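Asks: pasting a predicted model and its sequence here:
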Amino acid sequence: MRYTDPPRPRQPCPLPLRPTCRNRAGREGVPFERRTIDLADKPDWFRAISPLGKVPLLIVRGDDGSETVLFESAVICEYLEETVSGVKLHPADPLARARHRGWIEFGSAILADLWGFETAKDAETFEAKRQALRAGPETS
């Protein structure tokens, strides 16, 4: 499976990858660069900067030239919200904002199960992920 990965921003501003983050950056007019990587054969540079071995990554270049790697879609989108003017990701009301964050976590959990299902390397893992998806999220 191939996915894109952004190595470096063109400017000292955030640089997202996954469609959620990429769309957010596009709406905010944030210039970014993408690279395509093979997630089945991750390049060494990617392994060196991705603590979970997943995409998306956001590399933020500081004024002093230093680089900081951010990971996880929700974290990257919130960073964009806090550093780039424009439409806000979450509502201003604290309760509504908390509910938004809860649904983001819900979606992340479902996507993790889907990813595990789609990339299962053996029948046991495949069946476990299939059952988890059929059962749906825990409600307790």
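Replies: Ah, there it is.
Asks: which sections of the chain are below the confidence cut-off?
Replies: Residues of the chain meeting the criterion pLDDT under 70: 1-30, 87, 138-140.
Asks: all strands for the chain, in order.
Replies: Assigned by DSSP state E, the chain shows strands spanning 2-5, 35-38, 57-61, 67-71.
Asks: tell me which of those strands is the most buried.
Replies: strand 57-61 (a mean of 21; mean count of other CB atoms under 10 Å). All C-beta atoms are positioned from the backbone trio N, CA, C, and that covers glycine.
Asks: and the angle for that strand with strand 67-71?
Replies: Inter-element angle recorded for strand 57-61 and strand 67-71: 160 degrees (by axes from the mean of the first three to the mean of the last three CA atoms, to 10 degrees).
Asks: in terms of secondary structure, what does strand 57-61 contact?
Replies: Using 3 or more CB pairs under 8 Å, 6 or more residues apart in numbering; DSSP states H and E, the elements in contact with strand 57-61 are helix 44-49, strand 67-71, helix 73-83.
Asks: next, the buried residues of the first one.
Replies: To tie it back to what came earlier, the one meant is helix 44-49. residue 46 (16 or more other CB atoms under 10 Å).
Asks: may I have it as PDB, with CA atoms only?
Replies: C-alpha atoms of helix 44-49 as PDB (Å, rounded to 0.1, in the frame of the first residue of the first chain):
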ATOM      1  CA  ASP A  44      14.800   4.500   6.700                       C
ATOM      2  CA  TRP A  45      14.300   8.300   6.900                       C
ATOM      3  CA  PHE A  46      10.600   7.700   7.700                       C
ATOM      4  CA  ARG A  47      11.300   5.100  10.300                       C
ATOM      5  CA  ALA A  48      13.700   7.500  12.000                       C
ATOM      6  CA  ILE A  49      11.100  10.200  12.400                       C
END
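Asks: so which elements touch that helix?
Replies: Contacts defined by 3+ CB pairs under 8 Å, 6+ apart place helix 44-49 against strand 57-61.
Asks: mind putting the helices and strands packed on strand 57-61 in TSV, distance to residue 132 included?
Replies: Listed next are the helices and strands packed on strand 57-61 as TSV, based on distance: least, CB to CB, whole Å:
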stretch	distance to residue 132
helix 44-49	27
strand 67-71	23
helix 73-83	21
